[in-house]
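**Student:** sequence and computational prediction follow.
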Amino acid sequence: MVRPFAAKGKKRKKAERYDRDDDGEESTASAKKAMVENEPDEQPENEAAEENFHELEGIPIVPKDPKSDSKAGVIFVLERASLEVAKVGKNYQLLNSDDHSNFLRRNNRNPGDYRPDILHQALLAIFDSRIAKAGRLKVVYVKTEKGLLIEIKPYVRLPRTQKRFYGVMLQLLQKLSITAAGKREKLFRVIKNPVTQYLPSNSRKMGFSHSSDKLVKVRTYLDAVEDDVDLVFVVGAMAHGKIETGYTDDLLAISEYPLSASCCIADICKDLADKWNVG
Ligand SMILES: C[S@@+](CC[C@H](N)C(=O)[O-])C[C@H]1O[C@@H](n2cnc3c(N)ncnc32)[C@H](O)[C@@H]1O
């Protein structure tokens with residue numbers, strides 16, 4: 001089924017449009033963190049990248065299960081996501097290593113660091129999970145490499161294609177929020193740091209890293225956590241390096257192999273769905 005997308009606002013081409021602060025929740029200065037400082041005027045590297053800049057018609061939502069509110073839930077925090085906007089040629093675009101490698105090299109950036117596709121795959125793994133379908137996902141937070149914090153509501157219908165996802169992220173970084181089609185609710189929005197102020201006090205907060213000394217089987221680890229405690233999973237959405245979190249109770253390795261973020265999330269969600277007897 002194809003539902004209408006309804007992002008707020010019109011196609012924007014001028015730099016000054018970035019100065020708008022939609023709801024006052026995050027300063028313009030913070031939002032500009034998502035943009036590279038050096039913006040040489042050059043031609044787009046390919047047509048696909050240029051088409052990324054288009055007016056989105058909206059974000060559809062999936063219905064919320066009211067029964068899920070009384071049960072313990074899951075929060076994901078995706079750390080160090082690559083979400084950065086720059087003017088490439090005539091238009092502002094979400095920088096990525098596929099479309100902008102020459103632009104990035106010319107600006108002394110490593111194209112390998114510009115991987116918003118990792119975030120997209122990680123989000124699909126979360127939103128496609130049985131946990132999310134059963135209404136046990138409470139919220140997702142995304143922290144960008146530049147320090148922006150984004151909140152994503154659990155009932156958003158995520159764009160499935162990479163191109164469309166990049167278009168939505170571009171709109172979000174420009175407007176600081178995206179609402180549901182025909183509604184006022186903000187499904188994606190930039191919010192104030194730190195993320196810790198939004199995490200439930202009665203929750204188990206787990207960070208994940210291949211380099212952790214604490215190698216666990218997810219199911220065994222989760223079985224030891226009480227059923228009424230909310231679970232916060234902190235996973236990296238970057239290509240290289242390690243998440244740095246001072247707010248997790250544990251830093252866990254779940255395999256002796258380095259996994260992709262999406263594979264790590266899929267493993268966590270599967271074991272949690274089994275523990276909670278979800279579908
Ligand atoms: C592509 S990896 C980041 C690369 C980095 N070298 C690493 O392994 O941490 C994305 C994220 O997946 C998670 N991850 C990957 N392999 C893991 C493992 N074996 N155990 C736990 N988490 C893992 C971590 O949260 C990591 O930040």
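**Tutor:** Nice, I can see it.
**Student:** from here on, just use CA atoms for contacts and neighbour counts.
**Tutor:** Will do.
**Student:** who does Glu79 bridge with?
**Tutor:** Going by DSSP bridges, Glu79 is paired in beta bridges with Gly236.
**Student:** and the gap between it and the ligand?
**Tutor:** 8 Å (CA to the nearest ligand atom, to the nearest Å).
**Student:** for that residue, give me its contacts.
**Tutor:** Applying CA atoms under 8 Å, 6 or more residues apart in numbering, we find Glu79 in contact with 142-145, 234-238, 243.
**Student:** ok, now Arg189?
**Tutor:** 150-152, 172, 176-178.
**Student:** quick one: end-to-end length of stretch 231-251, please.
**Tutor:** Using CA to CA, to the nearest Å, one end of stretch 231-251 lies 14 Å from the other.
**Student:** whoops, stretch 237-254 was the one
**Tutor:** First residue to last in stretch 237-254 (CA to CA) measures 16 Å.
**Student:** quick one: buried residues of it?
**Tutor:** Within stretch 237-254, the residues that count as buried by 16 or more other CA atoms under 10 Å are 237-239, 242-243, 248, 251-254.
**Student:** now render those as JSON lines, adding secondary structure and distance to Arg189.
**Tutor:** Output for those, formatted as JSON lines (DSSP: H, G, I helix; E, B strand; the rest coil; distance: CA to CA, whole Å):
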{"residue": "Ala237", "secondary structure": "coil", "distance to Arg189": "18"}
{"residue": "Met238", "secondary structure": "coil", "distance to Arg189": "20"}
{"residue": "Ala239", "secondary structure": "coil", "distance to Arg189": "24"}
{"residue": "Lys242", "secondary structure": "coil", "distance to Arg189": "25"}
{"residue": "Ile243", "secondary structure": "coil", "distance to Arg189": "22"}
{"residue": "Thr248", "secondary structure": "coil", "distance to Arg189": "24"}
{"residue": "Leu251", "secondary structure": "strand", "distance to Arg189": "28"}
{"residue": "Leu252", "secondary structure": "strand", "distance to Arg189": "29"}
{"residue": "Ala253", "secondary structure": "strand", "distance to Arg189": "31"}
{"residue": "Ile254", "secondary structure": "coil", "distance to Arg189": "31"}
